[in-house]
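Visitor: pasting the sequence and the predicted coordinates here, then a few questions.
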Amino acid sequence: MIIPKKEVVQLSENIRKIIDGHNIDLRDNREGKLSILKNDIHTLANQLSEQAYNSEKEKELLRGTLADISHQIKTPLTSMSIMIDLLEGTPPDKQSEFIANIKTSLTRTEWLVSALLKLAKLESGAITFSRGSTTAAELSELALKPLQILLDVKNQTIKMNGDTPLVCDKRWTSEALTNILKNASEYSPNGGVVTIESGENPICSWLSVTDSGNGLTRAEIATLFRRFEGSRSKHGIGIGLPLSLAIMRGQNGDIEAENAEGGGAKFTIKFYKAT
């Protein structure tokens, strides 16, 4: 088969245009080796373009994450800097207070940076989940360990109903559940009860956490899972619930928030069944 020089020259020119960033459709439905070559080049060009687009998205995500971290740690760092400057020449009782505040700020800043980096990895698809069998009780026990001091200080009780089998990444999912349980504890009164229930239906297995607080407004429900917007506490950062949602969606799951019957906020973690 003889390929006309004109077609070869035209193909070469179009390839150069694609390299320069132009959107050229090389597809050719005719028979012949040149048509096959054109279609292969078109497919390759699209794949390279998609890779470049995804790379730019990842760079944009990284830039956004770094901007978030920079913005959020600026306030505690400024506060700590001021307290350090004031330490010299301050009475001993005030020094103890400043040092305690600095330690608290350092802990919050460390958690914030860690949470933001985890969220960035989850959103970029850099986390591989290891799904395995567990139960609602086992997952809850693991998630409650970091919260024992908080629950004891507030004299709160955990009430567990049901022990449904679950399939998930236990380590990551327990972290998501810890954030939700911490939220429930913070918005329940001293001596209050946090209820954990579980069950399943034809679509999913689920685990819910209900606090004994005042419930949610419509405005709060709309912003709960938005980064830096969803915190209902003046001391909150607004990153725990978005992180939990990213963990669940990374495992083909979801989290829903609503007001429970009888009062209190209810968060339901859903583990969708494979189809």
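Guide: Cool, the structure landed.
Visitor: need phi/psi at residue 159.
Guide: phi -110, psi 120 (degrees, to the nearest 10).
Visitor: so it touches residue 194, yeah?
Guide: Yes: contact criterion CB atoms under 8 Å: residue 159 and residue 194 qualify, at 7.1 Å. Using the backbone N, CA and C atoms, a C-beta is placed for each residue, glycine as well.
Visitor: the more surrounded of those two?
Guide: More crowded of residue 159 and residue 194, by other CB atoms under 10 Å: residue 194, with 26 against 11.
Visitor: ramachandran coordinates for residue 114?
Guide: phi -60, psi -40.
Visitor: contacting residues around it?
Guide: Neighbour list for residue 114: empty [criterion: CB atoms under 8 Å, 6 or more residues apart in numbering].
Visitor: do that again at 10 Å, thanks
Guide: 239, 243 (CB atoms under 10 Å, 6 or more residues apart in numbering).
Visitor: shared neighbours of residue 159 and residue 194, anything?
Guide: With CB under 10 Å, 6+ apart as the test, residue 159 and residue 194 both reach 210, 212.
Visitor: spit out the contact partners of residue 169.
Guide: 127, 128, 129, 130, 131, 132, 134, 175, 176, 247, 250, 251.
Visitor: state the pLDDT value of it.
Guide: Here the pLDDT value assigned to residue 169 is 94.
Visitor: find the nearest non-adjacent residue to it, please.
Guide: Nearest residue to residue 169, sequence neighbours excluded (CB to CB, 6 or more residues apart in numbering): residue 129, at 4.1 Å.
Visitor: how about residue 205?
Guide: Using CB to CB, 6+ apart, the closest residue to residue 205 is residue 271 (4.5 Å).
Visitor: can you pull out the strands in the stretch 51-200 of the chain?
Guide: For the stretch 51-200 of the chain, strands defined by DSSP state E, counting those that start in this stretch occupy the ranges 132-135, 157-161, 165-168, 193-200.
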